[in-house]
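[1] Make a model of this:
(one chain, ligands or ions: 1)
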Amino acid sequence: MHDTIAAISTAFGEAAISVLRLSGEHALQVAQRVFKGKRVLEALEPRVQHFGNIVDGEGGVVDSVLLTHFRAPASYTGDDVVEISCHGGILVTRRIFELLLHHGARAAEAGEFTQRAFVNGKMDLTQAEAVMDLIHAQSELALKAATQQLEGRLGKESEHLRADLIELLAHVEAYIDFPDEDIDPDTGAAMQKRLASIQLRVGSLLDTAHHGRILRSGARTVICGEPNVGKSSLLNLLSGFDRAIVSAEAGTTRDTIEEVLHIHGLPFVLVDTAGIREGAGSIEQSGIDRTNREMARADVILEVVDGSLPRDAARRVPGLEDRRGYLLILNKSDLGLHPSWLPDVERGAILLSCENQEGLDPLRAAMRDAVWTGAGAGNSHMVAINARHQACFQRAAEALVHGAAALKRNEAPEFVAVFLREAMEAVGEVTGRVDVEEILGAIFSRFCIGK
Ligand code: GDP
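    Numbers count the residues shown, from 1 in each chain. Below you'll find the model as predicted:
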């Protein structure tokens, strides 16, 4: 078992209750030194809350609390764990925390409880990461993806992949023991088939990276268009309150304003911009540069035009229409649509009236469809890998390409095995199966203290 760590696990501030956690070899002893209940801790039933007082060195009562203890390995971390629920005052919580440290616990590092759970085999790395995703989740789908990852879906898929790679590797390695023998054509063909199916599975996991990024960071959405077409009005309408400044005077929205919206359970980071304006004054130049930068990395581009005016009169941003995630919005439909826009309507342009608040539902649906299509969309069993998993699967995919080519060229089995092993190790890193010491720090330092 590990040394004993302590942390305040709830957010720091005034609240009805706060929770402090201890985990490690001496968790019960440390708690016993400050807790006075009906009986000694060792005699109390685990996983049941017990009432008692926290006392300081002079026997003074600091707070009355509820204490629960969990005996290893049946705890979150896999070590002995004690949880203390006290009154949620900042001073009270702090005082108890200091007492725990005074009596032998060490202040936990960020994510250290979950890291122990991983080290003790209570969860794999993907599940540990899911704990953090779950805490950070701000949209329903992000929460769903985190929950499913926490249940081990991604971990299981990775482990199956790894197991299949190991089996294939074993086959290939069997040939290495007989140096004079090449892989016979039938076996070679069968191996190629298995490898191809593994490649497909790695490929479909990689396809979920886009969804993973959208869920974790939000779909970057840029609103662009000439001054006065209704960009600020649209932002206000989407966000539901007067966030940006709406003005009848052209070019008043100078700063980029970011706002996170949830549409159909997905997070959209909406960036209202200074607009695209040829020959704009120097004050607006920085805004325009920012717009161009944002446009280049956007997942969704909403180009707003005044649909009541002739199409020829609109100054559009050239080359946008072919971009992925591009949506043309014909605003001011309450003033009547100019017929020159009809072909655009047929191609999917969206009629909107910010004035009358009409056309928002089709817009929201189009925004969702712009980022949430392809593999996994609408799938109730959702896997959405993060950037780390993506890098691992990418490495595996590359190694598999080389492995498949080597197999096809009937290369020496040693040669094929090198690539298969590399793929296997890369996949193993996803769940933390291989030596991942250096990546552990990077993952767990992003957690909050007490988790
Ligand atoms: P921006 O410069 O593109 O951000 O445009 P604003 O949102 O500031 O709107 C410019 C003007 O157009 C304001 O007077 C709005 O009230 C008006 N406006 C915006 N949307 C509509 C709409 O759908 N219909 C009508 N009739 N006027 C609108």
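
[2] Roughly how far does residue 70 sit from residue 7?
    With distances taken as CB to CB, to the nearest Å, residue 70 is found 15 Å from residue 7. To be clear about C-beta, it is placed using only N, CA and C from the backbone, and glycine gets the same treatment.

[3] got it, and residue 416?
    From residue 416 to residue 7 the distance is 49 Å (CB to CB).

[4] just residue 125 next, same as before
    Distance from residue 125 to residue 7, by CB to CB: 21 Å.

[5] And for residue 429?
    Taken as CB to CB, the span from residue 429 to residue 7 is 28 Å.

[6] Check residue 415 too.
    Taking CB to CB, one finds residue 415 at 50 Å from residue 7.

[7] These two - which one has more neighbours?
    residue 7 (24 against 15; other CB atoms under 10 Å).

[8] what does the average pLDDT come to for the helix or strand hosting that one?
    Under the criterion of DSSP states H and E, residue 7 resides in strand 5-8. Averaged over strand 5-8, pLDDT sits at 97.

[9] Tell me the buried residues in it?
    Within strand 5-8, the residues scored as buried using 16 or more other CB atoms under 10 Å are 5, 6, 7, 8.

[10] Now do the domain split for the chain, please.
    Following automatic domain parsing, the chain resolves into domains at 5-119, 153-208+383-446, 218-371.

[11] which bits of the stretch 301-450 of the chain sit near the ligand?
    331, 332, 334, 335, 353, 354, 355 (CB under 6 Å from any ligand atom).

[12] Bridged to the closest residue to the third one other than its chain neighbours, which residues?
    The spatially closest residue to residue 334, leaving aside those adjacent along the chain, is residue 353, at 4.1 Å (CB to CB, 6 or more residues apart in numbering). Assessed by DSSP bridges, residue 353 has beta-bridge partners residue 358.

[13] could you measure residue 353 against residue 416, distance?
    For residue 353, the distance to residue 416 equals 63 Å [CB to CB].

[14] Sketch out the low-pLDDT regions of the stretch 201-350 of the chain for me.
    241-258, 272-288 (pLDDT under 70).

[15] so where's the longest strand in the chain?
    What stands out as the longest strand in the chain, according to DSSP state E, is strand 61-70.

[16] partners of whichever helix or strand comes after that one, with directions?
    Note on strand 61-70: by DSSP H and E, the next helix or strand toward the C-terminus is strand 81-87. According to DSSP bridges, strand 81-87 has the following sheet partners: strand 17-23 (antiparallel), strand 61-70 (antiparallel).

[17] Return strand 81-87 as PDB; C-alpha atoms alone will do.
    Extracted C-alpha coordinates of strand 81-87, given in PDB (Å, rounded to 0.1, in the frame of the first residue of the first chain):
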ATOM      1  CA  VAL A  81      -9.600   5.200   2.300                       C
ATOM      2  CA  VAL A  82     -11.400   7.400   4.800                       C
ATOM      3  CA  GLU A  83     -13.900  10.100   3.800                       C
ATOM      4  CA  ILE A  84     -14.900  12.800   6.300                       C
ATOM      5  CA  SER A  85     -18.000  15.000   5.600                       C
ATOM      6  CA  CYS A  86     -17.800  18.100   7.700                       C
ATOM      7  CA  HIS A  87     -19.600  21.400   7.800                       C
END
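
[18] which residues sit against it?
    9, 16-23, 27-28, 30-31, 35, 41, 49, 54, 63-70, 75, 92-93, 96 (CB atoms under 8 Å, 6 or more residues apart in numbering).

[19] Surely residue 109 and residue 450 touch.
    No - contact criterion CB atoms under 8 Å: residue 109 and residue 450 do not qualify, at 10.3 Å.

[20] which of those two has more neighbours?
    Neighbours were counted for residue 109 and for residue 450 using other CB under 10 Å; residue 450 has more, 22 against 15.

[21] Hmm, residue 10 and that one touching each other?
    Yes - if you go by CB under 8 Å, residue 450 and residue 10 touch, sitting 7.4 Å apart.

[22] what's the burial count for residue 107?
    Burial measure for residue 107: 15 neighbouring residues, criterion other CB under 10 Å.

[23] ditto for the one 5 residues further on
    The number of residues packed near residue 112 is 24, by other CB under 10 Å.

[24] How about the one 5 residues further on?
    Other residues lying near residue 117 total 23 when counted by other CB under 10 Å.

[25] returning to that earlier point: so between residue 353 and residue 416, which is more surrounded?
    residue 416 (30 against 20).

[26] And what about that one, helix, strand or coil?
    helix (DSSP: H, G, I helix; E, B strand; the rest coil).
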